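# predicted structure and sequence below. I'll ask about it afterward.
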Amino acid sequence: MSSPALKRRTLVKGMTATLGLLALRGFTVQAENPVHFTQGIASGDPLQDRVVLWSRVIPGSGAHRELTSQWQVASDAAFKKIVSEGSISTDQARDYTLKVDAQGLKPGKSYFYRFLCDGVSSPVGGTKTLPKGKVREFRMGIASCSNYPQGYFNAYADMAKADLDCVLHLGDYIYEYADGVYSNPIAVNELGRRVKPDGEIIALEDYRMRYGLYRTDPDLQMLHATHPMIAVWDDHELMNNTWHSGAENHNEGEGDFATRIAAAKKAYHEWMPIRTRTSDQETIYRNFEIGNLADLTMLDTRLVGRDEQLEYGKDMGEDPRAFVAEKLLKNERELLGQDQALWLRDTLKQSKQRGATWQILGQQVLMGRLNIPQLDPELIEQADIPERNKNFMRGMAKLAALKMPLNLDAWDGYPAARERLYQDLVAHANNPVSLAGDTHNAWAFDLQTEDGVAVGVEIGTPGISSPGLETYMPIPPTDAKQGLLDASPELVYADTSQRGWTLMTVRPDSVRTRWRYVSTILSREYSVSESEELVAPAGMRRFDKG
Ligand SMILES: [Fe+2]
């Protein structure tokens with residue numbers, strides 16, 4: 001797959017390396033070790049005429065120096081028809097990452113791309129631009145919550161093989177924990193999926209090293225080499241349960257919160273194929289037009305405008321009703337923040353004005369009302385879990401009787417902000433579809449306002465490898481599902497025990513969703529089972545339940 005020029009350079013390079021130290025015109029020249037593209041390649045944030053290309057090139061000698069790499073986009077795998085090319089330099093200051101916005105491309109078209117440095121070629125990747133005008137079908141793979149020390153990324157491997165126009169990653173692309181925390185001992189000890197660095201990631205170098213480890217995973221490399229990715233961060237690219245000025249997993253001994261967040265954001269922008277605004281690493285909310293079929297609006301519900309989460313244990317006290325009235329329902333509490341909410345309203349208006357059929361929100365946390373299920377007390381007592389987990393479940397059973405939400409870190413913890421968003425979606429969108437990650441389980445909801453007006457549909461994607469509700473509620477999945485359906489009138493579909501990803505097919509007349517579940521994450525041998533298909537017809541603002 002090498003071009004003639006590359007072959008020539010490779011030949012020269014090879015000769016130099018073979019000769020070792022050369023005496024040339026009186027100077028001694030040290031032959032260099034070849035550079036490496038160890039962490040593969042990636043593409044992302046496709047538009048109609050451009051796409052972000054990513055790689056990382058490392059000096060072979062180990063000594064720091066500036067490296068200049070060529071990049072090429074071609075319409076053929078042999079790189080005979082190059083349509084866009086250029087060069088870019090990198091060094092230690094950006095962790096040797098390479099990121100370019102390759103322009104001059106055509107809409108709805110597949111391309112090949114690669115980087116070339118010192119005669120060494122990166123792997124060759126495939127990518128695709130977004131379509132323009134009339135679009136008959138657009139296929140998206142949706143992922144979230146890929147935790148390296150929990151097991152293999154078999155779901156990524158399955159996504160890589162699928163026929164997709166792009167991949168969405170809704171966050172928790174990495175996890176920040178130390179070795180041995182939130183991990184599966186089998187994956188760590190028997191499969192060798194031990195994190196680097198060993199400690200919790202806090203400084204810039206830590207975050208960089210963690211991304212570097214994840215990008216050595218062959219399934220993740222294959223996914224990036226195959227499809228363009230549109231990604232947003234959730235909490236674990238930063239730290240657990242982050243909000244705009246703090247996080248559950250950050251304490252004073254770990255230094256200044258703002259410094260740590262700045263490090264996490266810098267590493268994210270260095271390592272992810274996201275179109276970075278050079279002056280602003282804060283704003284990751286952005287919009288993608290998918291012809292006249294849809295607008296895909298990526299949101300930040302995690303960091304930029306989120307007020308602090310409530311917690312039952314910390315904030316409720318003795319009177320749950322007072323907690324709801326005085327804290328949970330407080331009107332001022334924000335999840336998007338005012339600037340992002342206004343931007344979203346404008347984006348929805350523009351989408352409707354230009355006649356896009358679907359308004360798809362790519363965001364982190366679950367939007368539909370998911371209440372604590374009322375479980376048979378016998379199921380709790382029979383469950384094979386430690387006593388303190390049983391105590392937790394007994395406490396939850398009391399809240400279930402009051403129809404309290406299961407997860408206060410989701411939109412359920414910000415009901416006033418959710419109602420404001422719902423009013424905007426009712427007024428300014430044609431057919432809203434909200435996507436969520438974060439929970440590690442699969443969900444579908446019919447969304448409705450407090451007055452019961454249909455808003456749109458929501459699809460929640462399961463974790464790639466992070467464990468789901470089955471670890472917190474270790475009861476038979478059919479009982480868990482039934483309990484949740486009974487407690488949550490908006491809930492249409494739930495799977496509480498499987499890892500996988502979501503295949504969404506967007507057409508002018510419908511959005512069709514199937515979940516693909518992998519049989520195991522503790523072996524490279526796995527099978528895939530596919531769920532029933534859920535159909536949301538255009539014009540209905542809810543699922544067609546036949
Ligand atoms: Fe997660």
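Perfect, I can see it now.
# buried residues in the helix or strand where Arg516 lies, which are they?
Arg516 belongs to strand 510-518 when elements are defined using DSSP states H and E. Residues of strand 510-518 classed as buried under the neighbour-count rule (16 or more other C-beta atoms under 10 Å) are Ser510, Val511, Arg512, Thr513, Trp515, Arg516, Tyr517, Val518. Just so you know, the C-beta spots here come from the backbone N, C-alpha and C atoms, and that holds for glycine as well.
# show me what contacts whatever residue of the stretch 151-300 of the chain ends up closest to the ion?
Nearest residue of the stretch 151-300 of the chain to the ion, counting by C-beta to the ion: Asp172, 3.6 Å away. Neighbour list for Asp172: Ser144, Cys145, Ser146, Asn147, Asp234, Asp235, His236, Glu237, Gly437, Asp438, Gly463, Ser466 [criterion: C-beta atoms under 8 Å, 6 or more residues apart in numbering].
# from Tyr211, how far off is the second one?
It stands for Cys145. For Cys145, the distance to Tyr211 equals 16 Å [C-beta to C-beta, to the nearest Å].
# out of these two, which sits in the more crowded spot?
Neighbour tally, Cys145 and Tyr211, criterion other C-beta atoms under 10 Å: the higher count belongs to Cys145, 28 against 22.
# excluding covalently adjacent residues, which one is nearest to that one?
Gly463 (3.5 Å; C-beta to C-beta, 6 or more residues apart in numbering).
# count the neighbours of that neighbour for me.
Gly463 has 26 neighbouring residues, counting by other C-beta under 10 Å.
# do Val195 as well
Val195 has 26 nearby residues by other C-beta under 10 Å.
# do Gly104 as well
Using other C-beta under 10 Å, Gly104 has 10 neighbouring residues.
# could you find the closest non-adjacent residue to it?
Ser84 (4.8 Å).
# how about the closest residue to Gly460 other than its chain neighbours, what does it touch?
Using C-beta to C-beta, 6+ apart and skipping residues adjacent in sequence, the residue nearest Gly460 is Trp443, 3.3 Å away. Remark: with contacts taken as C-beta under 8 Å, 6+ apart, Trp443 is in contact with Leu366, Gly368, Leu370, Ala436, Glu458, Ile459, Gly460, Leu491, Tyr493, Ala494.
# just say helix, strand or coil for Trp443.
Secondary structure, DSSP: H, G, I helix; E, B strand; the rest coil: Trp443 is strand.
# tell me which parts of the stretch 101-250 of the chain are close to the ion?
By the rule C-beta under 5 Å from the ion, the part of the stretch 101-250 of the chain lying against the ion is Cys145, Asp172.
# and the strands in the stretch 101-250 of the chain?
Using DSSP state E, counting those that start in this stretch, the strands of the stretch 101-250 of the chain run over residues 110-117, 120-121, 125-128, 138-143, 166-169, 229-231, 242-243, 246-247.
# can you lay out those strands as a markdown table showing distance to Thr68?
Supplementary listing: the strands of the stretch 101-250 of the chain in a markdown table, determined by distance: least, C-beta to C-beta, whole Å:
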| stretch | distance to Thr68 |
| --- | --- |
| strand 110-117 | 7 |
| strand 120-121 | 13 |
| strand 125-128 | 20 |
| strand 138-143 | 33 |
| strand 166-169 | 30 |
| strand 229-231 | 26 |
| strand 242-243 | 36 |
| strand 246-247 | 38 |
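# adding mean pLDDT and mean neighbour count, write those out as CSV.
Output for the strands of the stretch 101-250 of the chain, formatted as CSV (pLDDT from 0 to 100; neighbours: other C-beta atoms under 10 Å):
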stretch, mean pLDDT, mean neighbour count
strand 110-117, 98, 23
strand 120-121, 96, 18
strand 125-128, 98, 22
strand 138-143, 98, 24
strand 166-169, 98, 25
strand 229-231, 98, 24
strand 242-243, 95, 23
strand 246-247, 93, 18
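# out of those, the one nearest Asp45 is which?
Of all the strands of the stretch 101-250 of the chain, strand 229-231 sits nearest to Asp45, with 6.0 Å by C-beta to C-beta.
# counting contacts, what elements does the closest one pack onto?
strand 41-44, strand 166-169 (3 or more C-beta pairs under 8 Å, 6 or more residues apart in numbering; DSSP states H and E).
# walk me through which strands the last one pairs with, and which way each runs.
For strand 166-169, the paired strands and their directions (DSSP bridges) are strand 138-143 (parallel), strand 229-231 (parallel).
# out of those strands, which gets nearest to Lys481?
With C-beta to C-beta as the measure, strand 138-143 is the member of the strands paired with strand 166-169 nearest Lys481 (20.6 Å).
# on that earlier part again, check contacts around the residue nearest to Cys145.
Ser144, Cys145, Ser146, Asn147, Asp172, Gly437, Thr439, His440, Asn441, Arg499.
# run the last query once more with 10 Å
Applying C-beta atoms under 10 Å, 6 or more residues apart in numbering, we find Gly463 in contact with 143-147, 150, 155, 172, 437-442, 498-501, 521.
# ok, back up a step: ok, the strand holding Arg516: who's next to it in the sheet?
Partners of strand 510-518 in the sheet, by DSSP bridges, are strand 500-506 (antiparallel), strand 528-530 (antiparallel), strand 534-537 (antiparallel).
# go through those strands and name the closest to Arg306.
Among those, strand 500-506 comes nearest to Arg306, with 24.0 Å by C-beta to C-beta.
# I'd like the mean pLDDT over that closest one, please.
Strand 500-506 shows an average pLDDT of 98 in the prediction.
# can you check stretch 199-218 too?
Stretch 199-218 comes out with an average pLDDT of 98.
# how far out from the middle of the chain is it?
In terms of C-alpha atoms, centre = their mean, to the nearest Å, the gap separating the centre of stretch 199-218 from the centre of its chain is 16 Å.
# one more: stretch 349-362?
Stretch 349-362 has its C-alpha centroid displaced from the chain centroid by 22 Å (C-alpha atoms, centre = their mean).
# likewise stretch 532-546?
Taking C-alpha atoms, centre = their mean, one finds the center of stretch 532-546 at 25 Å from the center of the full chain.
# ok, the nearest residue to Ile385 once chain neighbours are set aside to Ser497 distance?
Of all residues beyond its chain neighbours, the one nearest Ile385 is Pro474 (5.3 Å), with distances taken as C-beta to C-beta, 6+ apart. Pro474 sits 10 Å away from Ser497, going by C-beta to C-beta.
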